[in-house]
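**Q** Below are the sequence and a predicted model for it; my questions follow.
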Amino acid sequence: MPPKILVVLTSHDEIPGVGPTGWYLPELAHPYEKLHKKTTITVASPKGGKAPLDPGSVKMFSEDPVCKDFLSKEFIWSDTKKLSDMNEKDFDAIFYVGGHGPMFDLTKNPTSISLIESFASKKKLISAVCHAPCVFLYTQDNTGVPLISGKEVTGFSNAEEDAVGLSAAMPFMLEDELGRVSGGNYVKAAEDWGVKVVREKSSYGGWIVMGQNPGSAGATAEEILKVLGA
């Protein structure tokens, strides 16, 4: 049987005072291209139903052939499962797709936190890309230690957030918080928008995989496949 992956999308569709947001197109399109033939994928979101696709990402990646093809597969995100109905026992791994939306509805989401902690406690793969590593900030092991404490972490950098002009609109700066919770172990690519993927073991012994930015999404999926042996 192929490994089963729970893919989680945001349900948040607007940045206050800025405009529409959601999940970011290449951060699902490129992983899906690599994962769907070797794994069984279930897609969920906090609210269930249609998960909002960031329209800016559609425009930004309009010439990306993988993204263009993926847009024809709207069934993947048009009727997502409700996150609260998902159970760790049914999956081998969990993967969170980025976009600015997760910063607002997944960082402190108790259902998400509980689910991640359950996966981690069973030594199952937990993973996220770009802004989505925010989902790990409030997760802990059974001793109360953050799952990413002392671990090398990555995610959308301050410089990248500044470059897209949304630093002032964010509830916090992801690089800063990942660095704080991990104990100063945030890392990033040598150049802005460069590919960076980190793979660490949580205190339970299971793998944590994180990618820095949209360009790291495909490489994050490749690392997920390596961990799963798929």
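**A** Here it is on my side, so go on.
**Q** Determine the three-state secondary structure at Thr42.
**A** What DSSP: H, G, I helix; E, B strand; the rest coil gives for Thr42 is strand.
**Q** Nearest spatial neighbour of it, chain-adjacent residues omitted?
**A** Leu6 (5.4 Å; C-beta to C-beta, 6 or more residues apart in numbering). From N, CA and C alone the C-beta is placed, and that goes for glycine too.
**Q** Surely the one you found and Tyr96 touch.
**A** No: counting by C-beta atoms under 8 Å, Leu6 does not reach Tyr96; the two are 9.4 Å apart.
**Q** neighbour-wise, which of those two wins?
**A** More crowded of Leu6 and Tyr96, by other C-beta atoms under 10 Å: Tyr96, with 28 against 23.
**Q** looking at it, that one is touching Thr139, isn't it?
**A** No: between Tyr96 and Thr139 there is no contact, the gap being 11.5 Å when judged by C-beta under 8 Å.
**Q** one step back: partners of the residue nearest to Thr42 in the sheet?
**A** Beta-bridge pairing of Leu6, defined through DSSP bridges, involves Thr42, Ile94.
**Q** likewise Met210?
**A** Beta-bridge partners of Met210, as defined by DSSP bridges: Ala128, Val198.
**Q** got the contact list for it?
**A** Ser127, Ala128, Val129, Pro133, Phe136, Val153, Thr154, Gly155, Val197, Val198, Thr220 (C-beta atoms under 8 Å, 6 or more residues apart in numbering).
**Q** same thing but at 10 Å, please
**A** Counting by C-beta atoms under 10 Å, 6 or more residues apart in numbering, Met210 makes contact with 96, 126-130, 132-133, 136, 148, 151-155, 178, 187, 196-200, 216, 220, 223.
**Q** between Tyr96 and Thr139, what contacts are shared?
**A** In contact with both Tyr96 and Thr139: Ser112, Ile116, Ile126, using C-beta under 10 Å, 6+ apart.
**Q** what's the closest of those to Ala168?
**A** Ser112 (25.5 Å; C-beta to C-beta).
**Q** From the structure, what's the count of residues near Val198?
**A** Neighbours around Val198, by other C-beta under 10 Å: 22.
**Q** what's near enough to touch it?
**A** 133, 151-155, 185-188, 208-212, 216, 220, 223.
**Q** if we go to 6 Å?
**A** The contact partners of Val198, by C-beta atoms under 6 Å, 6 or more residues apart in numbering, come to Glu152, Thr154, Met210.
**Q** same deal with Lys196?
**A** Thr154, Lys188, Ala189, Gln212, Ser216.
**Q** tell me the pLDDT at it?
**A** We note a pLDDT of 98 for Lys196 in this prediction.
**Q** For it, give me the backbone phi and psi.
**A** phi -150, psi 120 (degrees, to the nearest 10).
**Q** hang on, the earlier thing: can you tell me which of the shared contacts of Tyr96 and Thr139 is nearest Met1?
**A** Closest to Met1, out of all of the shared contacts of Tyr96 and Thr139 and judged by C-beta to C-beta, is Ile126, at 20.6 Å.
**Q** quick one: the helices in the chain?
**A** 25-35, 55-60, 65-70, 75-78, 101-105, 110-121, 158-163, 174-182, 217-228 (DSSP state H).
**Q** wait, Ser78 sits on Gly49?
**A** No: between Ser78 and Gly49 there is no contact under C-beta atoms under 6 Å: 8.0 Å.
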